[in-house]
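Engineer: Predicted model and sequence below, questions to follow.
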Amino acid sequence: MINKKLVFSGVQPTGNLHLGNYLGAIKNFVLLQKELNCIYCVVDLHAITVFQNPKELMKNTLETVASFIATGLDPNKSIIFNQSSVSAHSELAWIFNCVSRVGWLNRMTQFKDKAGSNKEKASVGLYIYPNLMAADILLYKATHVPVGADQKQHLELARDIAQKFNKDFNCEDFFPLPEPLILKNISRVMSLRDGTKKMSKSDESDYSRINLKDSPDEIIKKIKKAKSGSEPIPDNLKSLEEKPEALNLLNIYTEVLKSNLEKTINEMAGKEYSFVKNKLTELLISEICPIGKEIKKLINDETHLREVLNKGAEKARIIAEENLKNVREKVGLI
Ligand code: TRP
C-alpha cells in the first residue's frame with residue numbers, strides 16, 4: 001500500500017436510501033475513493049440488533065450495494081462487501097466484548113435513544129453494538145472513518161477499546177486510533193416537513209424525504225410541498241438558523257453542489273422561497289434521478305450484485321484473517 005491511510009465505513013442495509021443517506025455518507029465515500037484505499041461494508045449484523053424480516057434483510061442488503069454502485073463506488077477500486085460474510089467481524093467483536101467496559105457502554109446515548117423506556121426488552125446485541133462497530137473498524141486497522149455526527153460517540157468508544165487493548169496486551173501502536181471524518185457542513189439532512197427532525201426512512205410521510213429512486217415528478221411535488229416561510233431568504237447565517245426549514249433547503253443545495261453555505265446564502269439572500277425551490281428541484285433532478293434509474297436497473301440483476309459482494313468479501317477476508325491471527329496471538333488464544 002502506497003498510502004497507509006485506510007478508510008472504513010459501514011452502512012446499515014436499508015432499502016430505499018434517501019437524500020440524507022446519500023449526502024451524509026455515500027457521496028463522500030465516492031470522493032474518498034478517489035484519494036484513498038477504502039473499505040465499505042453493508043453492516044447486516046448491526047441491522048439484526050432489531051428484528052428484521054429475513055427476506056427484507058436480503059433484499060435491502062442487495063439494494064444498498066446497488067445504491068453504492070449506482071452512486072459511483074467502484075468495486076474494483078474499493079472493497080465492498082457485507083459484514084456477515086466475513087466471520088472475523090463477529091470473532092473480534094467477542095474479544096472486544098471482553099475489553100470494553102459496561103460503564104463505557106452505559107454512556108452510549110444512541111442505545112438510550114433506541115431502547116427508549118423499555119431497556120429490559122432491548123436485545124443484548126443492541127446494547128453491545130458499539131463493540132461490534134469497533135471490531136469492524138479495527139479488524140482492518142482502519143485509520144479514517146467517515147461517519148455522521150450521531151456516530152461520533154461510538155467512534156470514541158472504538159478508540160478507547162483500541163487503546164485499552166494496546167495497553168492490556170502490551171502492544172503499543174498495534175491498533176491505530178481511528179479518526180472520525182465527521183462529514184462537514186451538514187452531516188444532517190433534515191426532514192422537508194420539519195426542519196428540526198432528521199430526514200428518515202421511518203418518517204410516516206414520504207413528503208418528508210427525497211428518495212434516491214424518486215421520479216422527477218415526485219421530486220418536483222416534494223420540494224414544492226416542503227415547509228417554508230413567507231419572508232424572503234435572510235442574508236446571514238444567524239437569521240437563517242432561526243428558520244430551520246429554510247436552512248435545510250439551503251444546506252441541501254450547498255451539499256449537492258459541494259459548495260459552501262456562505263456562497264449559497266449570497267446567491268439566495270433576498271429571494272423568495274419559490275426561487276430557491278425551483279433551483280433546488282432542478283439540481284436534485286439532475287443529480288438524483290440518474291442514480292435512481294441505475295439502482296432500479298441494478299436490483300434486477302441479483303447475480304451480479306451477489307458476485308460483487310462475494311468478490312469484496314474475498315478481498316476483505318485476506319486483510320481480516322491476517323489481523324485476526326495477530327490479535328489471537330496477542331490475547332493468547334491457541
Ligand atoms: N453504526 C453505524 C450507523 O448506524 C454503522 C456502522 C457499523 C459503521 N459499523 C461501522 C460506521 C463502522 C462506520 C464504521 O450508521
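Structural biologist: Looks like it arrived, so ask away.

Engineer: can you pull the buried residues of stretch 228-238?
Structural biologist: Ser228, Ile233, Pro234 (16 or more other C-beta atoms under 10 Å). (Each C-beta comes from the backbone N, C-alpha and C, glycine too.)

Engineer: Help me confirm that the first one comes into contact with Glu245.
Structural biologist: Yes. Under the criterion of C-beta atoms under 8 Å, Ser228 is in contact with Glu245, at a separation of 5.7 Å.

Engineer: Of the buried residues of stretch 228-238, which are in range of the ligand?
Structural biologist: On the criterion C-beta under 6 Å from any ligand atom, none of the entries of the buried residues of stretch 228-238 sits beside the ligand.

Engineer: Out of those residues, the closest to Lys293 would be?
Structural biologist: Among the buried residues of stretch 228-238, Ser228 lies closest to Lys293 (C-beta to C-beta), at 28.6 Å.

Engineer: which residue packs closest to the closest one, ignoring adjacent ones?
Structural biologist: Residue nearest to Ser228 in three dimensions, not counting chain neighbours: Tyr273, with 4.1 Å by C-beta to C-beta, 6 or more residues apart in numbering.

Engineer: circling back to that earlier point, TSV for the buried residues of stretch 228-238, including pLDDT and distance to Pro54?
Structural biologist: Converted to TSV, the buried residues of stretch 228-238 look like this (pLDDT from 0 to 100; distance: C-beta to C-beta, whole Å):
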residue	pLDDT	distance to Pro54
Ser228	88	42
Ile233	92	47
Pro234	91	50
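
Engineer: now, which of those sits nearest the ligand?
Structural biologist: Closest approach to the ligand among the buried residues of stretch 228-238 (C-beta to the nearest ligand atom): Ser228, at 29.4 Å.

Engineer: give me every residue that touches that closest one.
Structural biologist: Contact criterion C-beta atoms under 8 Å, 6 or more residues apart in numbering gives Glu245, Ala246, Leu249, Tyr273, Lys277 as the residues in contact with Ser228.

Engineer: neighbour-wise, which of the residues you listed leads?
Structural biologist: In terms of neighbours by other C-beta atoms under 10 Å, the contacts of Ser228 top out with Leu249 at 26 neighbours.

Engineer: Can you tell me what sits against the host helix or strand of it?
Structural biologist: When elements are defined using DSSP states H and E, Leu249 is found to belong to helix 244-257. Here helix 244-257 makes contact (C-beta under 8 Å, 6+ apart) with 19, 23, 27, 185-186, 189-192, 194-196, 226-229, 233-234, 240-241, 259-261, 263-265, 268, 273, 276-277, 279-280, 283-284, 287.

Engineer: In helices, which of these fall?
Structural biologist: Counted as lying in helices by DSSP state H, out of the contacts of helix 244-257, are 19, 27, 240-241, 261, 263-265, 268, 273, 276-277, 279-280, 283-284, 287.

Engineer: picking that back up, can I get the contacts of Ser228 in TSV with pLDDT and distance to Lys221?
Structural biologist: What follows is the contacts of Ser228, written out as TSV (pLDDT from 0 to 100; distance: C-beta to C-beta, whole Å):
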residue	pLDDT	distance to Lys221
Glu245	91	17
Ala246	91	19
Leu249	95	15
Tyr273	92	15
Lys277	96	11
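
Engineer: For the residues you listed, could you give me TSV that also reports distance to Ser84?
Structural biologist: Shown next, in TSV, are the contacts of Ser228 (distance: C-beta to C-beta, whole Å):
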residue	distance to Ser84
Glu245	39
Ala246	42
Leu249	38
Tyr273	46
Lys277	42
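
Engineer: ok, and which of those reach the ligand?
Structural biologist: Of the contacts of Ser228, not one also sits near the ligand (C-beta under 6 Å from any ligand atom).

Engineer: Return the member of those nearest to Pro178.
Structural biologist: For the contacts of Ser228, the nearest to Pro178 is Leu249 (33.6 Å; C-beta to C-beta).

Engineer: Out of the ones in helices among the contacts of helix 244-257, which end up buried?
Structural biologist: Among these, those scoring as buried are 19, 27, 240, 261, 264-265, 268, 273, 276-277, 279-280, 283-284, 287 (criterion: 16+ other C-beta under 10 Å).

Engineer: now, the most widely separated pair of those?
Structural biologist: Taking C-beta to C-beta, no two of these sit farther apart than Lys27 and Tyr273, at 24.9 Å.

Engineer: Show me what Cys38 bridges to in the sheet.
Structural biologist: Val7 (DSSP bridges).

Engineer: Appreciated, that's everything.
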